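Peer 1: sequence first, predicted model second:
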Amino acid sequence: MKLSRVTIAAPGATLAGILYAPDGTPRAQAVVLAHGYTASKETMDLLAGYLCGRGYSCVTFDFRGHKLGGSTGSMTGAEDALADLRAAADFARDRLGAPRLVLVGHSMGGLAALVVAAERADVSCSVAIAVGARPSHGFATPVGRALHVQRADYVEGLDTEPHLAQLDAIVPRVTAVRCPALVVAARSDVIVSVEDVRSLAGLVPGAELVEVASGHQEAPERARGIVANWIASREARVESRE
C-alpha cells in the first residue's frame, strides 16, 4: 500500500489526514476512520492499514483542536466533531470517486460515525467501536476521573465535561441510522462498559453487537479482523443486489 499526507477543508478548520491506497484496484467502498476524544489519527493506523491490505482505500484524519494531531482550529463541541467527519467523508468520496463509503470510529469517533451515517445516502455501512449510550458515564468512575485530569489539556476548545454532555445529547440521533451497523464492545474496557455499548446498539435499528477481548485504547486494533470481515460481507450483499 501507499500512504499520502492530505489536507481536508472543514468549516472553520483544516484537517490533517492520511490516505491509504491499496496496491492494485481498490474495492468499491472507501473507508473513513475517526479517532476518539483526546487521541489522534495515529490510533486508527493499525486498523486502517489492515483494511487497506484487504483492498480498501482508507482515510484517517485528526479532529480539530486535538493537540496530538496536526489539524487547525479548536473543538467547541460535538457538532464540530460531526462537521469534521462530514468533511472527511466528502473528501473520500470526491478524491477517490468511491460510490459507497464506510464510516468507522472509535469512542467519540464511533458515535460520530453512526450520527453522520444516519444523514448520508452514500454511506453503505457504519462501525462504532468502544462507545456507549452515555459517553459521559465512563468518566464518572474513579478511572475515568483520573483520565479526565490527566488528559484535560489534550484538546483545545471546550472543557471535557461540557463536551461529554454534548456527546450525550447527540446519542438519540443514532435511532435514524438506516444502513447496516456494527457496534463493538471491549470486554476489559474500564471507560465504556459492555452494558453501555449494548445499550447504544439497542438504539440503532438492526445493529449487530460483537465483543472483543480488549481494553478501550487497543479496541480498534483488536477488532480489525472482525471489522474487515463484517464490512466485506456487507459489500457482498450490496453487490449481489446490483
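Peer 2: Perfect, thanks for sending it. Numbering: from 1, shown residues only.
Peer 1: now do the helix or strand of the chain with the lowest mean pLDDT: everything it contacts.
Peer 2: Ranking every helix and strand in the chain by mean pLDDT, DSSP states H and E puts helix 142-150 at the bottom, with a mean of 81. Residues outside helix 142-150 that contact it (CB atoms under 8 Å, 6 or more residues apart in numbering): 138, 139, 160, 161, 190, 191. Glycine gets a C-beta too; all of them are placed from N, C-alpha and C.
Peer 1: now do 7 Å
Peer 2: 138, 139, 160, 190, 191 (CB atoms under 7 Å, 6 or more residues apart in numbering).
Peer 1: sec struct for the last one, please.
Peer 2: To tie it back to what came earlier, the one meant is residue 191. Following DSSP: H, G, I helix; E, B strand; the rest coil, residue 191 is assigned to coil.
Peer 1: ok, now residue 128?
Peer 2: Three-state call for residue 128 (three-state DSSP): strand.
Peer 1: which residues in the chain form strands?
Peer 2: 2-10, 13-21, 29-34, 58-61, 100-106, 123-129, 181-186, 208-212 (DSSP state E).
Peer 1: tell me the contacts of the residue nearest the centre of the chain?
Peer 2: Nearest to the mean C-alpha position of the chain, by CA atoms, centre = their mean, lies residue 105 at 1.4 Å. Counting by CB under 7 Å, 6+ apart, residue 105 makes contact with 33, 34, 112, 113, 128, 129.
Peer 1: of those, which is the most crowded?
Peer 2: With neighbours taken as other CB atoms under 10 Å, the top of the contacts of residue 105 is residue 129, carrying 34 neighbours.
Peer 1: quick one: it and residue 219 touch, right?
Peer 2: Yes. Contact criterion CB atoms under 7 Å: residue 129 and residue 219 qualify, at 5.1 Å.
Peer 1: now do the shared contacts for these two.
Peer 2: Here residue 129 and residue 219 have 106, 184 as joint contacts, going by CB under 7 Å, 6+ apart.
Peer 1: quick one, what contacts the nearest residue to residue 26 once chain neighbours are set aside?
Peer 2: Of all residues not flanking residue 26 in the chain, residue 57 sits nearest, at 4.5 Å (CB to CB, 6 or more residues apart in numbering). Listed by CB under 7 Å, 6+ apart, the contact set of residue 57 reads 20, 21, 22, 26, 30, 96, 98.
Peer 1: one more: residue 180?
Peer 2: Taking CB under 7 Å, 6+ apart, one finds 125, 206, 234 in contact with residue 180.
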